[in-house]
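[1] Structure of the sequence below:
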Amino acid sequence: MVKKSGDGFTPTGKVYKSTTLPKPTKKKHTDLGLKDDDLLPLFHSMYKQRRFEERAAQMYQKGKFGGFLHLYIGQEAVSSGTVAALNDDDDILGAYRVHGMALARGSDPGRCMAELFGKKTGVSRGKGGSMHFFDLERHFWGGHAIVGAHIPLAAGMAMANKYNDNGRVVICFFGDGAVDQGSLNETFNMAQLWKLPVIFVVENNGYSMGTAVERHSAGELHKRADAYGMKNAVVNGMDVFTIIEKVQEVAKDVRETNEPWFLEVKTYRYRGHSMSDPGNYRTKEELEEFRGFDPIERLKTYILKNKIAKEEDLKAIEDEIEQIVLDAIDFAEESDFPDPKELYEDTYTQDDYPYHV
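    Purely as a prediction, here's the structure:
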């Protein structure tokens with residue numbers, strides 16, 4: 001039997017509404033402990049992610065590398081705001097839309113691009129590709145391709161941090177599709193029982209691949225934590241100041257109480273789920289509406305309105321970043337592929353593992 005439109009099985013047109021976005025903070029940057037001089041680096045971080053992703057998409061289309069490529073375009077306020085609110089030694093885990101988070105954390109753009117190209121100079125030595133960025137020096141514990149598989153890892157890291165009493169907070173990002181995984185519920189239960197210093201964050205960009213969140217998850221996502229007595233909130237992810245404010249607040253509470261939090265960050269991606277996704281499940285009107293909430297343009301407007309910098313200052317940053325990304329592409333192209341003998345390195349702890357060749 002053919003289902004009627006609106007029953008949750010067939011498209012109804014516009015399914016993700018901007019009215020679901022919580023109100024952004026009304027606080028100014030100085031209220032958040034930020035100085036005027038902090039805003040240009042914040043803009044630099046967000047714009048660098050945007051141009052890196054756009055150029056990465058071009059390289060993919062040119063056949064410079066293959067596999068999957070999941071772009072973060074539109075969600076830059078989440079990554080840059082989070083990094084600005086945390087300590088440098090706090091631990092971050094991501095799912096597979098992680099280029100932006102790695103760049104925000106300080107990973108070198110050249111090494112990030114080289115990883116996409118599968119080169120040995122990449123952040124994961126060319127063995128991980130788009131979905132497996134990793135930067136131990138910056139406490140960025142990688143992208144994870146299996147939906148929800150890294151959520152228990154975050155709890156394990158939090159347990160180690162608590163045991164070592166090092167004051168670190170673990171923050172774990174995943175998409176709205178992962179909320180329906182059993183691993184999340186099992187981990188929430190343990191994290192709350194054991195009082196672990198971990199922040200779970202669902203980046204709800206409206207769609208799990210091509211399925212609208214209202215069609216795959218019942219109820220409000222952040223309220224899943226209510227069943228475990230876990231603190232939770234929903235926050236606007238299109239405004240970087242809002243992210244900074246909330247992550248600062250939550251991280252402070254987690255450090256003081258050793259209790260976990262669950263944040264639902266409502267955001268939006270301007271591209272498809274991956275490069276193979278044309279995004280036909282959403283309307284042009286919806287996309288254009290959310291472009292009006294572009295987090296980079298929002299920060300740019302704030303900077304100009306408050307006379308923190310001039311238009312030419314921001315243009316200089318944009319030009320600088322354009323060159324940084326072009327240099328990253330050159331670095332990736334000129335780098336070598338890993339030697340085939342490295343295939344089993346970083347895989348087995350035994351040097352004489354039977355399947356070594």
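[2] What's the biggest helix in this protein, counting residues?
    helix 36-61 (DSSP state H).
[3] Would you mark the buried spots in it?
    Of the residues in helix 36-61, those with enough neighbours to count as buried (16 or more other C-beta atoms under 10 Å) are 38-40, 42-53, 55-56, 59-60. Any C-beta I mention is one placed from the backbone N, CA and C, and that applies to glycine too.
[4] Model confidence for residue 208, exactly?
    What the model reports for residue 208 is a pLDDT of 83.
[5] List the contacts of residue 20.
    Residues counted as contacts of residue 20 (C-beta atoms under 8 Å, 6 or more residues apart in numbering) are residue 266.
[6] And the helices in the stretch 251-357 of the chain, which stretches?
    Listed in chain order, the helices of the stretch 251-357 of the chain (DSSP state H, counting those that start in this stretch) span residues 284-291, 295-305, 311-334.
[7] which of the ones you listed sits most buried?
    Across the helices of the stretch 251-357 of the chain, averaging neighbours per residue (mean count of other C-beta atoms under 10 Å) puts helix 295-305 on top, at a mean of 17.
[8] wait, residue 147 sits on residue 95?
    Yes: between residue 147 and residue 95 there is a contact at 7.2 Å, judged by C-beta atoms under 8 Å.
[9] The two: which is more packed in?
    Taking residue 147 and residue 95 together and counting by other C-beta atoms under 10 Å, residue 95 has the greater number of neighbours (26 against 20).
[10] Excluding sequence neighbours, find me the nearest residue to that one.
    Closest residue in space to residue 95, ignoring its immediate chain neighbours: residue 174 at 4.7 Å, by C-beta to C-beta, 6 or more residues apart in numbering.
[11] host element of the one you found?
    Secondary structure assigned from DSSP states H and E places residue 174 in strand 170-175.
[12] Flag every buried residue along that strand.
    By neighbour count on 16+ other C-beta under 10 Å, the buried set for strand 170-175 is 170, 171, 172, 173, 174, 175.
[13] With respect to residue 331, which of these is nearest?
    Comparing those against residue 331 with C-beta to C-beta picks out residue 173 as the nearest, at 26.9 Å.
[14] wait, isn't the closest one in contact with residue 94?
    Yes: the pair residue 173 / residue 94 is scored as a contact, 4.8 Å apart, by C-beta under 8 Å.
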